[in-house]
Structures are given as C-alpha cells and as structure tokens.
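Visitor: Quick one, structure for this:
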Amino acid sequence: MRKQLVKMLKKLVSIQSESYNTKAMARYINQVVQSIPGCTTSFDKYGNIYVTKGKAETYPCMVCHIDTVHQIQRDEVIPIQIDQQLIAVFRNSLQQTGTGGDDKCGIVITLQNLMHLDKFKAVFFLDEEVGCVGSSNANYKFFDDVRYVLECDRKGHQDFVNKISGCTLFDKKFEDAIAPYLSKYGRKITSGGLTDVYEIALETDLCVANMSCGYYNPHTDCEYIDLDDVYETFLLTHDLFKYVTDVYKVDTQRTKYYNYGFNYAKFGY
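Guide: Modelled structure (predicted):
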C-alpha cells in the first residue's frame with residue numbers, strides 16, 4: 001500500500017498544475033478514478049470533480065484541491081527521493097522547484113482512500129490557492145448523505161484543524177469520537193488557515209476538519225514532502241473512515257467572520 005502511494009505521489013509531483021491551468025492534473029485524476037471499479041464521476045459548472053464509489057445510506061468523504069501556486073514552466077518537473085524526503089527539480093536546468101505538495105499530498109491520500117474503501121465520496125476542487133474559488137462554487141447537495149468531511153491541506157505532521165477564521169469546524173461529540181485516533185497518530189487540535197472545508201462548513205451543518213499531511217516550506221522552490229508523514233496521514237484518515245462511522249453534524253449555524261482574499265488564501269497556512 002505504501003509503495004503504491006509513493007509511486008502515485010511521484011507522478012502527481014511531475015504534473016504541473018498552477019491555478020486556472022489544471023487540465024493536466026484533472027485528466028490524470030480522471031484516469032485513476034476510471035480505473036477504480038464501482039466509481040461514478042460528475043462535474044459541476046465550475047469543473048470540480050465529484051466521485052462516488054459504491055452504494056450506501058451514508059458515506060465517508062474527503063476533499064482536496066488540484067491546483068498549486070507554482071507557475072507552469074516548459075521544462076519537465078522531475079521528483080527526486082532522498083531517503084524519505086521528496087524534492088523536485090527541472091530536468092534541463094536542474095534548478096529546484098516546489099513539489100506542489102500543497103495539495104498533491106491531499107490528492108494522493110484522497111485517491112488512496114478511494115481505492116481502498118468500498119464506499120466513499122471524494123471531491124477534487126479547482127483553484128483553492130486563489131481564494132477557494134472552486135469550493136465556493138460547489139454543489140453542496142453532494143454532501144447530503146455524507147457522515148463528515150476530511151481534508152489534508154496543511155503543512156507539517158501534527159495539526160488537526162478545528163477552527164478557521166473564527167469558524168468552528170467540528171463539535172465535542174466528533175472530537176470525542178476521533179480522540180483515540182488523534183492520540184495514536186500524535187495529532188493536536190488547533191486553528192488553521194483558509195481551505196476548502198471552510199466553505200463546506202459555511203454551507204452545510206456537517207462536521208469537517210483539515211489536517212497536516214507531510215509537506216513543508218509550502219509555496220516556495222524549496223518545498224519538500226516527507227513520505228513517512230504522508231503515509232501516516234493516510235493511515236489516520238483510513239482509520240477514521242473505517243471506525244468512526246456515525247453522521248456528525250454541528251448544532252449551531254456557523255458564520256463567516258472574515259473575508260480573507262487572495263493573499264490569505266496563498267500564504268495563510
């Protein structure tokens with residue numbers, strides 16, 4: 001399972017996918033999804049990709065975003081593994097460039113759960129890095145039969161985010177249910193920056209969360225990925241989806257306190 005994840009992540013790193021120019025990444029994701037038995041795919045008007053696997057009354061669900069901040073270059077991006085770290089360089093110039101681990105780590109974890117769970121829902125959002133544009137144009141009815149929503153879109157390896165811009169993402173009941181798994185994988189509940197689950201929280205009553213997933217120095221040319229951290233995050237999400245199977249909703253309506261724009265979306269992690 002780990003070998004498959006690392007191989008897929010290296011492929012994702014090689015695909016350049018700057019915001020508003022993500023067709024190559026969308027094409028690869030669709031190819032992977034089509035190779036997984038039992039999946040059906042749909043799209044909204046903005047182009048976000050929705051996947052449902054299997055038939056169930058309620059589904060575990062994960063979301064991620066398919067764009068990065070790194071400008072697309074003509075030179076080919078080559079992933080290079082050094083021990084358990086992954087960096088990226090341009091083939092011709094040998095100059096280091098960002099891996100796009102934000103959010104290619106989230107993409108690979110989402111795809112791996114889609115491959116290894118019998119019943120699952122996933123959304124691959126466009127253009128998060130320019131202000132959650134894709135998720136703010138989502139079809140929120142897709143989440144009507146979802147238990148809760150997880151996202152892997154935060155640097156490092158310890159954080160499990162329950163608050164964004166003053167908005168609480170999940171309640172005490174959900175916190176108690178996931179506590180043994182957060183302890184097992186060394187995660188701490190904290191506040192975090194803007195990402196797609198914030199938009200879902202504002203438009204639904206579902207419990208949602210974001211978490212660290214193993215990328216470091218995001219949005220820079222010296223960005224790198226720790227493969228151990230990515231795999232551990234996948235195991236955490238897989239355990240949560242497998243063992244925390246109730247539907248979790250918040251009792252109070254959540255409010256948008258701040259209106260962060262482009263700069264917060266890019267640098268607020």
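
Visitor: how many neighbours does K184 have?
Guide: 12 (other CB atoms under 10 Å). C-betas here are computed from N, CA, C, even on glycine.

Visitor: ditto for K55
Guide: 10.

Visitor: Could you measure from the nearest residue to G156 once chain neighbours are set aside over to S183?
Guide: In space, and not counting its chain neighbours, G156 is closest to S212: 4.2 Å by CB to CB, 6 or more residues apart in numbering. For S212, the distance to S183 equals 15 Å [CB to CB, to the nearest Å].

Visitor: The two: which is more packed in?
Guide: S212 (26 against 10).

Visitor: give the contact list for E128.
Guide: Each residue near E128 by CB atoms under 8 Å, 6 or more residues apart in numbering is listed here: S19, H65, D67, D103, G134, S135, D153, T195, D196, A265.

Visitor: Paired strands for the strand ranked longest in the chain, with orientation please.
Guide: The residue-count maximum for a strand in the chain (DSSP state E) belongs to strand 146-154. Strand pairing for strand 146-154, using DSSP bridges, gives strand 59-65 (parallel), strand 208-212 (parallel).

Visitor: Could I get the ones you listed in JSON lines, plus columns for mean pLDDT and distance to M25?
Guide: Below are those laid out as JSON lines (pLDDT from 0 to 100; distance: least, CB to CB, whole Å):
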{"stretch": "strand 59-65", "mean pLDDT": "98", "distance to M25": "10"}
{"stretch": "strand 208-212", "mean pLDDT": "98", "distance to M25": "20"}
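
Visitor: quick one: which of these is nearest D246?
Guide: strand 59-65 (11.0 Å; CB to CB).

Visitor: what's in contact with the next helix-or-strand element following the closest one?
Guide: From strand 59-65 onward toward the C-terminus, using DSSP states H and E, the following helix or strand is strand 77-82. By CB under 8 Å, 6+ apart, the surrounding residues in contact with strand 77-82 are 6, 9-10, 13-16, 86-91, 97, 99, 227.

Visitor: Mind doing that once more with 7 Å?
Guide: With contacts defined as CB atoms under 7 Å, 6 or more residues apart in numbering, strand 77-82 is touched by K10, V13, S14, Q16, L86, I87, A88, V89, F90, R91, T97.

Visitor: With stretch 179-186 instead?
Guide: Outside of stretch 179-186, the residues within contact range by CB under 7 Å, 6+ apart are Q158, F160, E232, L236, D239, L240.

Visitor: and with 8 Å instead?
Guide: Contacts of stretch 179-186 (CB under 8 Å, 6+ apart): 157-158, 160, 188-189, 232-233, 235-236, 239-240, 243-244.

Visitor: quick one on the thing from earlier: reformat the contacts of strand 77-82 into JSON lines and put neighbour count and secondary structure next to each item.
Guide: As requested, the contacts of strand 77-82 are exported to JSON lines (neighbours: other CB atoms under 10 Å; DSSP: H, G, I helix; E, B strand; the rest coil):
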{"residue": "K10", "neighbour count": "20", "secondary structure": "helix"}
{"residue": "V13", "neighbour count": "26", "secondary structure": "helix"}
{"residue": "S14", "neighbour count": "18", "secondary structure": "helix"}
{"residue": "Q16", "neighbour count": "21", "secondary structure": "coil"}
{"residue": "L86", "neighbour count": "25", "secondary structure": "strand"}
{"residue": "I87", "neighbour count": "19", "secondary structure": "strand"}
{"residue": "A88", "neighbour count": "24", "secondary structure": "strand"}
{"residue": "V89", "neighbour count": "17", "secondary structure": "strand"}
{"residue": "F90", "neighbour count": "15", "secondary structure": "strand"}
{"residue": "R91", "neighbour count": "11", "secondary structure": "coil"}
{"residue": "T97", "neighbour count": "22", "secondary structure": "strand"}
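
Visitor: All the strands of the stretch 101-250 of the chain, residue numbers only.
Guide: 120-125, 146-154, 159-164, 167-168, 188-192, 208-212, 215-216, 224-226 (DSSP state E, counting those that start in this stretch).
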